[in-house]
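# Below are the sequence and a predicted model for it; my questions follow.
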Amino acid sequence: MQGRIAELAIGTSTLRNQGAPGVLSAARKFLKQLDLAAFRTRTPERFQARLNMTTRHLKGRLPRGARNWGAARKAVNIFLRDVLYNHYLRSRHTLNRLEEWLEVPLDRDVAAALRGESEGAALPRWKTIKRLTPDVSRRYQSVAQVVARRKGTQRVHLDLHYWRRRDGGT
């Protein structure tokens, strides 16, 4: 099941134009082998530490020319979101608590939507996922947390909200 989620979560559009061939296969291979039980933590601080460590490890496994923090973080965030959405993996690894701690996977569209929210007016202009830094990511995630709270959801779900908006949904 974990392998299937890794294959589906990291599609061709997820990490396109990252600067080297083999990015998709490297990310998928890493995520298929990821110890999901390690994310079963008791505090948001420990979860964040695990997320940061996993991002660094994936970054190091990406092909030369594509080893950027933003691509690694996006892949991990999308994968963990899809693990949360999968009943079997969520239950097997007791990951129910993840929902409140997961980040919204960032990309150009999510960044634009967050900047369009009243809380996001001071966010820096989005560049590219390759140029995303931990500091800029934290700023976007902080705004996403406030926006999600206002909307009565968790920030991990905001990309689905914004995606529906792009397709004419609400």
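Looks like it arrived, so ask away. Residues are numbered from 1 along each chain as shown.

# In contact with residue 133, which residues?
69-70 (CB atoms under 8 Å, 6 or more residues apart in numbering). The C-beta positions use only the backbone N, C-alpha and C, and glycine is treated the same way.

# Which phi and psi values does it adopt?
phi -110, psi 160 (degrees, to the nearest 10).

# On the pLDDT front, check it for me.
Per-residue pLDDT puts residue 133 at 96.

# Kindly report the same for the one 4 residues further on.
On pLDDT, residue 137 comes in at 98.

# quick one: least confident helix or strand in the chain?
Lowest on mean pLDDT, DSSP states H and E among the helices and strands of the chain sits helix 158-166, with a mean of 77.

# could you measure the residue nearest in space to the middle of the chain against residue 15, distance?
When the chain is reduced to its mean C-alpha position, the nearest residue by CA atoms, centre = their mean turns out to be residue 77, at 2.2 Å. Counting by CB to CB, to the nearest Å, the gap from residue 77 to residue 15 is 12 Å.

# go on, residue 6?
Going from residue 6 to residue 15 by CB to CB gives 12 Å.

# buried ones in stretch 125-134?
Across stretch 125-134, burial judged by 16 or more other CB atoms under 10 Å covers 126, 129, 132.

# With stretch 43-54 instead?
47, 50-51, 54.

# Check those against residue 122 and report the nearest one.
residue 51 (24.5 Å; CB to CB).

# quick one: the closest one from residue 64, how far?
With distances taken as CB to CB, residue 51 is found 24 Å from residue 64.

# now the strands for this protein?
Along the chain, counting by DSSP state E, no stretch forms strands.

# Can you pull the domain assignment for it?
2-100, 108-166 (automatic domain parsing).

# chain center to the last one: distance?
This points to domain 108-166. 11 Å (CA atoms, centre = their mean, to the nearest Å).

# same deal with the first one?
Relative to the chain's own centre, domain 2-100 is displaced by 7 Å; criterion: CA atoms, centre = their mean.
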